[in-house]
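1. quick one: sequence and predicted model below, then my questions.
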Amino acid sequence: MKVASIYIGGGFIWARDHIARGLVRLRVTPNIVTLAGLAFSIAAGACLGLGERYWTAAALCQIGAASGDMLDGAVARIGGRGSKFGGIFDSTCDRIADFALFAGLGYYFVGTWPAGHGGQINLTFAFLAILGTLNGTLISYIRARAKHEMAECSVGFWQRGERNAAMLIGTLAHNLPMLLWELGLAAGLTALQRLLYARRILMDRGPEGPRRGVFGVLKALIFFDRPRMTLVYDLYTGMFIALLIFARVPEADILRRLLVVISGG
């Protein structure tokens with residue numbers, strides 16, 4: 001039985017390749033597509049920072065950015081325009097795009113959110129935005145660095161596609177608090193998972209044994225390692241999507257309260 005992600009992924013691949021062929025015929029280069037995607041990401045970050053009335057526009061810009069992210073590689077492959085520099089340029093723009101989105105999220109809770117909350121910035125969600133930027137960078141960096149020492153290190157759930165999808169769904173659902181908890185904390189587990197995986201392989205400890213019992217189930221949920229286009233992956237993804245759509249967490253500034261307690265205030 002085919003799972004939903006197979007049909008969805010197949011549809012995206014079909015559409016991507018057809019659009020890419022059209023761009024190749026128009027003589028659009030992969031680097032231009034990459035730059036267009038980056039421009040959409042920067043615009044999305046700006047819209048996120050300006051406040052809720054601009055979040056629909058932010059989502060539309062994110063769709064444009066995701067399209068560029070999918071199309072640049074396809075244009076390079078189909079048009080025979082791929083290059084080593086193109087790959088470096090694409091990865092560099094990806095990091096800038098991630099920063100732009102999280103900068104917008106952080107600015108919202110520092111510059112826009114206080115207007116309706118007594119003028120006080122929300123330290124918790126501003127800090128989660130910083131962590132989200134760090135997590136995305138570490139996830140990509142650990143994989144790139146590990147490839148110099150081993151065949152591959154792409155374990156973990158929160159790959160760039162999943163992070164971008166969460167960003168889009170969280171924006172459409174107007175649920176930035178849950179989005180930041182997912183990308184600021186949960187995504188950090190993927191960075192840790194990749195680091196531990198690289199350590200185990202490079203120290204010749206062999207593959208990890210089967211996970212049994214309550215602890216094994218908990219570890220499987222925290223360090224998810226099932227491949228895309230499987231039923232378990234779809235269920236796991238559905239859980240995070242449901243949280244973004246339906247779970248409304250308080251915008252309480254937990255970090256500020258903790259700092260007050262620590263300082264004795």
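-> Good, I have the coordinates.

2. helix or strand: which one has the residue nearest to Gly49 when sequence neighbours are not counted?
-> The shortest distance from Gly49 to any non-neighbouring residue, by Cβ to Cβ, 6 or more residues apart in numbering, is to Tyr107 (3.6 Å). In short, each C-beta sits where N, CA and C put it, glycine included. Element membership of Tyr107, judged by DSSP states H and E, is helix 84-107.

3. can you get me a residue count around the residue nearest to Gly49?
-> Using other Cβ atoms under 10 Å, Tyr107 is surrounded by 19 other residues.

4. correct me, but it touches Tyr54?
-> No. Using Cβ atoms under 8 Å, Tyr107 is not in contact with Tyr54; the gap is 11.9 Å.

5. anything in contact with each of those two?
-> In terms of Cβ atoms under 8 Å, 6 or more residues apart in numbering, Tyr107 and Tyr54 are both contacted by the residues Leu48.

6. tell me which element the nearest residue to Arg21 once chain neighbours are set aside falls in.
-> Nearest residue to Arg21 in three dimensions, chain neighbours excluded: Ile78, at 5.8 Å (Cβ to Cβ, 6+ apart). Element membership for Ile78 (DSSP H and E) is helix 55-79.

7. now tell me what touches that helix from outside.
-> 12, 16-17, 19-21, 23-24, 28-31, 33-34, 36-38, 40-41, 43-45, 47-48, 81-83, 86, 90, 94, 97, 101, 104, 160, 164, 167-168, 171-172, 174.

8. now do stretch 94-112
-> Under Cβ under 8 Å, 6+ apart, the answer for stretch 94-112 is 37-38, 41-42, 44-51, 58, 62, 65, 69, 121-122, 125-126, 129-130, 132-133, 136-137, 140, 160, 163, 167, 176, 179-180, 183.

9. among these, which lie within strands?
-> Per DSSP state E, strands hold no members of these.

10. buried subset of the residues you listed?
-> Buried positions within the contacts of stretch 94-112, assessed by neighbour count (16 or more other Cβ atoms under 10 Å), are 37-38, 41-42, 44-50, 58, 62, 65, 69, 121-122, 125-126, 129, 132-133, 136, 140, 163, 167, 176, 179-180, 183.

11. count the neighbours of the residue nearest to Arg21 for me.
-> The tally of other residues near Ile78 (other Cβ under 10 Å) stands at 18.

12. same thing with the one 3 residues further on?
-> Counted with other Cβ under 10 Å, residues neighbouring Arg81 total 16.

13. leaving aside the residues adjacent along the chain, what's closest to it?
-> Pro30 (5.4 Å).

14. what does Val33 give?
-> Using Cβ to Cβ, 6+ apart, the nearest residue to Val33 is Asp72, at 4.1 Å.

15. same deal with Tyr236?
-> Per Cβ to Cβ, 6+ apart, closest to Tyr236 is Phe224, 5.7 Å.

16. which ones are touching the one you found?
-> For Phe224, the contact set (Cβ under 8 Å, 6+ apart) comprises Gly156, Phe157, Tyr236.

17. the helix or strand hosting the last one packs against which elements?
-> Per DSSP H and E, Tyr236 falls inside helix 231-246. On a contact count with 3 or more Cβ pairs under 8 Å, 6 or more residues apart in numbering; DSSP states H and E, helix 231-246 meets helix 4-25, helix 160-172, helix 176-181.
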